[in-house]
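Visitor: Next comes the sequence, and after it the predicted model I'd like to discuss.
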Amino acid sequence: MYSTKCFLGLLGYESFQPAPTQLRLVGGGAVNLVYKCLGYGVTSFWLAFVFANTGSWKKKLLWMVGGTAVLYIINTIRIGLTLLGNGKKWSFPFGWDNHTWFNIAAYGAIFLMMWVYDRSRLNV
């Protein structure tokens, strides 16, 4: 949750963690993080793709770490925006929840990374 607090700080919002699984804006809304908020499903999908694909172990390691970092950043932004939205009473477009929007963004990033991975000539 530290990365989400840093992201919110960059946007000019102060947040705190009153419980191990909760993040709250000062004077605003809160989010409770549960297991499905952590992005393990999309991250494991990405790792399985790279692991099962061709390439040297160095290339695979580089892409596994880089892809995991991209997904982590997307999730950090998602949690921060959800917290801001809860505090400001924003509604999600099309009535979809934040988890659905995260999946769309994460799998979009994964498919783009898959395309780049398959076309990369990087043989580290």
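Guide: Happy to help now that I have it. Residues are numbered from 1 along each chain as shown.
Visitor: tally of neighbours for the residue lying closest to V26 once chain neighbours are set aside?
Guide: Once flanking residues are discounted, V26 sits nearest to E14: 4.3 Å by C-beta to C-beta, 6 or more residues apart in numbering. Every C-beta, even on glycine, is put in place using the N, C-alpha and C of the backbone. Close neighbours of E14, defined as other C-beta atoms under 10 Å, add up to 12.
Visitor: residues touching E14, list them.
Guide: L8, L25, V26 (C-beta atoms under 8 Å, 6 or more residues apart in numbering).
Visitor: now, among the residues you listed, which is nearest to R78?
Guide: Ranked by distance to R78 (C-beta to C-beta), the contacts of E14 are led by L8 at 12.4 Å.
Visitor: Could you check how far that closest one is from G29?
Guide: 11 Å (C-beta to C-beta, to the nearest Å).
Visitor: neighbour-wise, which of those two wins?
Guide: Using other C-beta under 10 Å, the more surrounded residue of L8 and G29 is L8, with 21 against 17.
Visitor: Wait, that one touches L81, no?
Guide: No. Using C-beta atoms under 8 Å, L8 is not in contact with L81, being 9.4 Å away.
Visitor: Closest one of the contacts of E14 to K88?
Guide: Nearest member of the contacts of E14 to K88, counting by C-beta to C-beta, is L25, at 9.4 Å.
Visitor: picking that back up, residues shared between the contacts of L8 and G29?
Guide: Common neighbours of L8 and G29, using C-beta under 8 Å, 6+ apart, are L83, L84.
Visitor: ends of stretch 5-23, how far apart?
Guide: Distance between the two ends of stretch 5-23: 8 Å, counting by C-alpha to C-alpha, to the nearest Å.
Visitor: Tell me the buried residues in the lengthiest helix in the chain?
Guide: In terms of residue count, the longest helix belonging to the chain (DSSP state H) is helix 57-88. By neighbour count with 16 or more other C-beta atoms under 10 Å, helix 57-88 contains the buried residues 59-60, 62-64, 67-68, 70-71, 74-76, 78-84, 86-87.
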